[in-house]
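# Predicted structure and sequence below. I'll ask about it afterward.
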Amino acid sequence: MACWLSLFDSITVSLLNNKKYKHLSENYMSPRASLVSENRESVLRTFARLFSVILILTALLLAFLTWQRTVSNEHQRLAHTGQLMAQGMRSHLSTFELLLNSMADELVYRDVFTNPAAGDAFLARAQETDVGLVGFGLVGLDGEFISASTRELRAPLPNVVTHGESRESFQRVVEEGRFHIGRPYFFEAVGEWIIPMRVPVYDDQGQLRAVLTAGNRLDGGHASWARMPISSATYLSVVRADGYLNYLHPLPLEQQRRNELFTEVVPSSLQDILTQGRGFYHYQDTALTGPGASYLWIEPVADYDLAVISATSRSAVVQRWMTNMVMPSLLWLIFALVTWLGYQRAARLLRRADREVQDKREALQRSISQYHELTRLIPIGVYQFKLTQQGRHEMTYTSERFRELLGLQDALEQSDSLAQYVYNQLHPEDALAFYKQQERATKETRDFYWEGRLIQGQKERWVSVHSVPSNEPSENGRLWNGVVADITERKEAEHQINLLAFYDALTQLPNRRLLRQRLEKAVRIATAKEEFAALLFIDVDKFKQLNDSYGHAEGDRMLREIGDRLEELVRDYDTVARLGGDEFVVLLSRLSNQSDKAAAEVEVVLQKIERLLNEPFRIGQQTTRITLSTGITLIDGSEDDIDIILQQADQAMYRAKDAGRNTQCFYDANIQQMITEQLELQQDLRHAMNHDELELYYQLQLDREQQVAGVEALIRWHHPTRGMVMPGVFIHIAEQSGEIVALGDWILQRACRQLVEWQNHATRSDWTIAVNVSVRQLRAEDFAEKVLITLAETGAKPDKLVLEITESMLLVDTEQVIEKMARLKRVGVKFSLDDFGTGYSSLGYLNRLPIDELKIDQSFVRDMNQGEHHKVLIRTILSLGHTLSLTTIAEGVESEEHFRSLLALGCDRFQGYYFAKPVPPDQLP
Ligand SMILES: Nc1nc2c(ncn2[C@@H]2O[C@@H]3COP(=O)(O)O[C@H]4[C@@H](O)[C@H](n5cnc6c(=O)[nH]c(N)nc65)O[C@@H]4COP(=O)(O)O[C@H]3[C@H]2O)c(=O)[nH]1
């Protein structure tokens with residue numbers, strides 16, 4: 001029983017733990033998750049009903065089987081009884097037949113036909129041996145008794161032939177001449193029911209003479225078969241072949257009943273069964289066993305044309321079956337009771353569990369409604385979905401705000417198409433980041449975070465999405481919880497801040513800060529892709545005047561228009577920025593990877609800019625045109641310091657301004673380096689003059705006989721760190737800075753002193769010293785005066801001093817220069833026109849110059865043997881010089897070939913490494 005109850009317990013537990021119950025707790029977040037628990041009690045009841053049906057079926061089966069068994073037992077028993085009866089009967093009859101035949105022989109032996117009394121005595125003795133016998137009688141063929149065992153039998157006994165009940169059997173014995181059992185009949189002579197058994201009696205000649213009959217008492221019980229222990233409710237009957245009963249147990253006592261039974265044949269239905277022979281039968285009609293159906297066993301009695309029927313009534317079998325059913329029924333009842341108790345117990349448990357579930361559910365619902373309330377109040381959408389192993393997004397919960405944010409219809413809420421619905425809303429520019437994040441988060445089971453835009457109809461909405469995977473994977477997937485927030489306002493604010501921080505308020509163009517960022521990016525790209533970018537600094541010429549003349553409002557409007565026009569012409573990936581005032585910057589990206597091509601591309605843009613900005617601007621009531629000064633620096637990624645790049649463009653722009661505005665200047669790194677060096681040298685030079693770092697070298701000038709006619713003074717700077725610095729490096733710096741004036745004075749002084757030193761020199765007293773004069777020196781008002789003073793102060797002879805000037809010096813203030821030269825010339829100072837042939841000389845012009853010497857530039861000399869053209873040029877210069885009565889001198893004579901050629905052409909003097917290099921005075925010959 002305990003075991004049975006525990007079965008119910010386990011059913012209950014499994015009911016409590018079933019999947020749907022679990023589902024309830026798992027999906028508590030889902031508003032669609034059923035919060036109404038299933039009526040598990042009704043499930044249990046159904047189970048109990050089913051069980052009851054099974055119980056009933058079991059009971060029926062049990063009853064049926066018991067019935068089967070009972071009937072089978074009955075079958076066995078009846079068969080056994082029938083067989084016993086048949087055997088006993090056969091044995092008895094055969095014994096009795098033998099006895100009768102023996103008695104018949106004895107009677108013949110005792111000559112009973114002649115002495116009937118002897119027969120009487122014999123028969124009387126024989127009768128005493130068996131109480132079941134009414135008596136013996138020897139009946140003649142005429143039916144009259146010859147002898148009889150009892151007095152009653154002897155007289156008066158009826159004639160058997162005429163006597164109804166015994167005639168038939170008597171005649172059969174006479175006819176068949178063998179043992180025969182007659183039908184039972186009431187033998188009135190003795191007042192008893194008897195079964196006659198007869199044998200034929202033959203005399204010594206074998207002549208049938210009589211029939212010996214034994215009258216067996218029907219209810220005498222002397223026969224062994226009649227004394228068989230027969231259980232109650234069992235009926236035994238012996239039926240003859242002619243359908244009459246021969247014996248019946250239990251015998252009815254009433255005469256009437258006996259008459260009915262033994263004087264009528266058994267029902268035809270029974271006879272039909274009897275004809276079927278040995279076997280077990282269910283007999284439906286009323287017969288033998290009393291009213292109602294019965295079960296029969298038919299057992300033929302061999303040799304005697306009799307059949308034994310052992311029978312029992314159906315009601316008796318039912319009764320026995322019921323008796324058999326008592327124990328199983330009891331067990332079944334106990335079983336049913338225990339089942340019922342188990343059901344009650346399970347129902348009680350379920351009710352309790354239901355109550356608990358209900359309590360929990362109510363608590364959960366309260367919690368969910370609070371949760372809903374909260375999610376409605378907070379401006380953040382909340383959602384939960386299950387990511388299945390097949391990659392489907394099954395939404396398990398979405399808050400009202402979530403649906404509102406995504407513009408969702410309820411129909412979509414739970415379906416996977418929600419994911420598609422969201423995908424469709426993704427802004428194309430932000431979608432890629434979304435998918436990448438999603439892929440990474442899914443693959444690595446980590447937080448998903450995305451900020452981006454959704455396109456909802458005509459509207460754009462910024463949202464941030466953050467979802468987190470649950471730690472434990474659930475059945476066929478993993479739950480993710482997430483929040484979605486509308487960040488449109490924040491993004492707009494950020495945009496505004498961004499605008500303020502990164503854009504110029506007036507023109508809405510990127511400001512310096514954003515320009516720097518873009519520039520950094522451009523440098524990175526240029527480095528990575530090995531291509532050029534360019535930074536253009538544009539300054540509007542004379543904007544200040546325009547601004548002052550037309551007012552700031554008009555000035556601002558103009559600046560905006562300039563910005564708009566610039567923006568118009570650049571490509572999307574270029575940047576136009578305003579740095580303030582009238583300074584604009586254009587950052588051009590993705591230029592060629594070759595500097596010259598990149599520069600050419602920039603040139604094209606510059607032309608466009610110029611064209612566009614040269615279009616008239618409306619300012620006030622008038623129109624005006626503007627010009628630009630543009631500084632350009634090319635970016636190739638080698639310089640990654642943004643400040644330096646900006647400085648370079650700035651510098652280039654100032655150079656453009658310096659060059660007279662409306663100009664464009666490219667920044668050049670070499671120039672820059674040169675400028676830096678120049679600045680350093682410029683500073684060092686001042687120092688050099690006071691610290692004796694300068695020295696005059698002298699290079700010989702020879703006449704046609706190769707006699708030294710003079711020298712050219714060439715300055716050398718012994719720089720403390722750089723070593724020897726050549727004049728080509730620092731003279732023009734000195735010119736730019738103005739130092740050249742002081743330097744020129746120093747050189748002149750030195751050269752004049754040298755002349756004085758050489759005045760008494762054996763070989764050098766006639767030498768002239770040619771001194772280079774710079775343009776600034778020459779243009780100085782007091783140039784001639786200074787030379788004269790120096791000559792006077794040093795005591796040098798003016799005719800030994802040759803001042804070398806270049807053609808370019810004569811281009812500006814020509815008249816004043818000529819005047820100064822003339823003044824000096826008057827005192828004997830000579831002038832040599834240096835680098836002749838490279839400048840702007842013309843015959844008429846030369847004619848007016850107070851010069852003594854034409855100095856052929858060394859470039860012509862160097863190339864003179866390269867081609868006829870240069871020779872022709874030199875010849876022309878020489879003939880020009882001779883025509884004007886000027887001495888001609890060639891510099892840069894480096895070989896004998898040069899010398900011979902020049903000599904042949906008629907050159908007067910020669911200077912060059914072929915003869916001597918510039919050397920300090922003490923190394924001169
Ligand atoms: N390749 C080659 N070069 C030769 C040969 N013979 C002479 N030279 C060089 O040619 C230059 C001649 O001077 P320049 O034309 O006046 O050109 C001068 C002159 O314009 C300027 N300079 C030199 N000294 C002074 C100076 O004291 N005052 C001024 N104002 N300028 C000077 O600097 C320039 C360069 O002077 P340096 O370097 O001394 O260079 C000198 C000299 O060394 C030769 O056969 N082959």
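In hand now; what should we look at?

# helices and strands around the helix or strand that contains Trp332, which ones?
According to DSSP states H and E, Trp332 maps onto helix 314-377. Secondary-structure packing of helix 314-377 (3 or more C-beta pairs under 8 Å, 6 or more residues apart in numbering; DSSP states H and E): helix 2-16, helix 19-26, helix 40-109, strand 294-301, helix 400-406. C-betas here are computed from N, CA, C, even on glycine.

# what separates that helix from the chain centre, distance-wise?
Averaging C-alpha positions (C-alpha atoms, centre = their mean, to the nearest Å) puts helix 314-377 46 Å from its chain's average.

# Then stretch 796-804?
Worked out by C-alpha atoms, centre = their mean, stretch 796-804 lies 97 Å from the chain centre.

# and what of stretch 687-703?
Remark: stretch 687-703 is offset 85 Å from the chain centroid, using C-alpha atoms, centre = their mean.

# can you list contacts of that stretch?
With C-beta atoms under 8 Å, 6 or more residues apart in numbering as the test, stretch 687-703 has contacts from 708-720, 742-743, 746-747, 750-751, 754, 768-770, 889, 908-911, 915-921, 924-925.

# swap the cut-off to 7 Å and go again
The contact list for stretch 687-703 (C-beta atoms under 7 Å, 6 or more residues apart in numbering) reads 708-720, 742-743, 746-747, 750-751, 754, 889, 908-911, 915-921, 924.

# so what's the residue of the stretch 551-700 of the chain found nearest the ligand bridging to?
The ligand sits closest to Gln699 of the stretch 551-700 of the chain, with a gap of 5.4 Å, by C-beta to the nearest ligand atom. Listed by DSSP bridges, the beta-bridge partners for Gln699 are Glu712.

# quick one, strands of the stretch 401-550 of the chain?
All strands of the stretch 401-550 of the chain, identified by DSSP state E, counting those that start in this stretch, fall at 448-456, 459-469, 477-486, 533-540.

# Relative to the ligand, tell me which of those strands wins on proximity.
Nearest to the ligand among the strands of the stretch 401-550 of the chain is strand 533-540; the distance by C-beta to the nearest ligand atom comes to 35.1 Å.

# residues of stretch 205-216 that come out buried?
Arg209, Ala210, Val211, Leu212, Thr213, Ala214, Gly215, Asn216 (16 or more other C-beta atoms under 10 Å).

# tell me the SS of the closest residue in space to Val484 that isn't next to it in sequence?
Distance criterion C-beta to C-beta, 6 or more residues apart in numbering; nearest residue to Val484, sequence neighbours excluded, is Gly381 at 4.0 Å. Here Gly381 is recorded as strand under DSSP: H, G, I helix; E, B strand; the rest coil.

# just checking, Gly381 touches Phe402?
Yes. Between Gly381 and Phe402 there is a contact at 3.0 Å, judged by C-beta atoms under 7 Å.

# any shared contact partners between these two?
Val484.

# got a list of what the residue of the stretch 51-200 of the chain found nearest the ligand touches?
Going by C-beta to the nearest ligand atom, the ligand is nearest to Phe51 of the stretch 51-200 of the chain, at 125.1 Å. Applying C-beta under 7 Å, 6+ apart to Phe51 gives the contacts Thr339.

# let's go with 8 Å and repeat that
Thr339, Tyr343.

# What of Glu639?
Neighbouring residues of Glu639 by C-beta under 8 Å, 6+ apart: Val523, Ile645, Gln648.

# Format those as a markdown table; extra columns: pLDDT, distance to Gly119 and neighbour count.
Output for those, formatted as a markdown table (pLDDT from 0 to 100; distance: C-beta to C-beta, whole Å; neighbours: other C-beta atoms under 10 Å):
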| residue | pLDDT | distance to Gly119 | neighbour count |
| --- | --- | --- | --- |
| Val523 | 92 | 163 | 21 |
| Ile645 | 90 | 170 | 23 |
| Gln648 | 87 | 176 | 24 |
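
# Of those residues, which are in range of the ligand?
Among those, no residue lies close to the ligand (C-beta under 6 Å from any ligand atom).

# Filter those residues down to the ones in helices?
Using DSSP state H, the members of those that fall within helices are Val523, Ile645, Gln648.

# For Asn760, state which of those residues is nearest.
Nearest to Asn760 among the ones in helices among the contacts of Glu639: Gln648, at 58.2 Å, using C-beta to C-beta.

# what's the least confident stretch among the helices and strands packed on helix 314-377?
Mean pLDDT is lowest for helix 19-26 among the helices and strands packed on helix 314-377, at a mean of 36.

# what's the burial count for the closest residue to the ligand within the stretch 301-450 of the chain?
Taking C-beta to the nearest ligand atom, the ligand has its nearest neighbour within the stretch 301-450 of the chain at Glu429, 63.7 Å off. By other C-beta atoms under 10 Å, the residues close to Glu429 number 9.

# hmm, back to that, hmm, the residue nearest to Val484 is touching Tyr397, no?
No. The criterion here is C-beta atoms under 8 Å, and Gly381 misses it with Tyr397 at 10.8 Å.

# what about Leu138, which SS state?
Going by three-state DSSP: Leu138 is strand.

# which parts of the stretch 601-750 of the chain sit against the ligand?
Residues of the stretch 601-750 of the chain found near the ligand (C-beta under 6 Å from any ligand atom) are Gln699, Ala713, Leu714, Ile715, Met726, Pro727, Gly728, Ile731, Gly744, Ile747.

# so what's the second one up against?
With contacts taken as C-beta under 8 Å, 6+ apart, Ala713 has the following neighbours: Leu696, Tyr697, Tyr698, Ile747, Arg750, Ala751, Gln754, Ile769, Ala770, Val771, Asn772.

# Could you rerun that using 6 Å?
Ala713 makes contacts with Leu696, Tyr698, Ala751, Ile769, Val771, as judged by C-beta atoms under 6 Å, 6 or more residues apart in numbering.

# How many residues are close by the closest residue to Val576 other than its chain neighbours?
Nearest residue to Val576, sequence neighbours excluded (C-beta to C-beta, 6+ apart): Leu566, at 4.4 Å. Neighbour count for Leu566, taken as other C-beta under 10 Å: 24.

# any idea how far Leu566 lies from Ile626?
12 Å (C-beta to C-beta, to the nearest Å).

# would you list the buried residues of stretch 205-216 in TSV and tack on pLDDT and secondary structure?
Below are the buried residues of stretch 205-216 laid out as TSV (pLDDT from 0 to 100; DSSP: H, G, I helix; E, B strand; the rest coil):
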residue	pLDDT	secondary structure
Arg209	90	strand
Ala210	92	strand
Val211	92	strand
Leu212	92	strand
Thr213	89	strand
Ala214	88	strand
Gly215	86	strand
Asn216	84	strand
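
# picking that back up, so the helix holding Trp332 versus strand 477-486, what angle?
Relative orientation of helix 314-377 versus strand 477-486 (axes from the mean of the first three to the mean of the last three C-alpha atoms, to 10 degrees): 30 degrees.

# Could you pull up the mean pLDDT of helix 314-377?
84.

# Please, which helix or strand holds the closest residue to Asn481 other than its chain neighbours?
Nearest non-adjacent residue to Asn481, counting by C-beta to C-beta, 6+ apart: Gln384, 5.1 Å away. Using DSSP H and E, the element containing Gln384 is strand 380-388.
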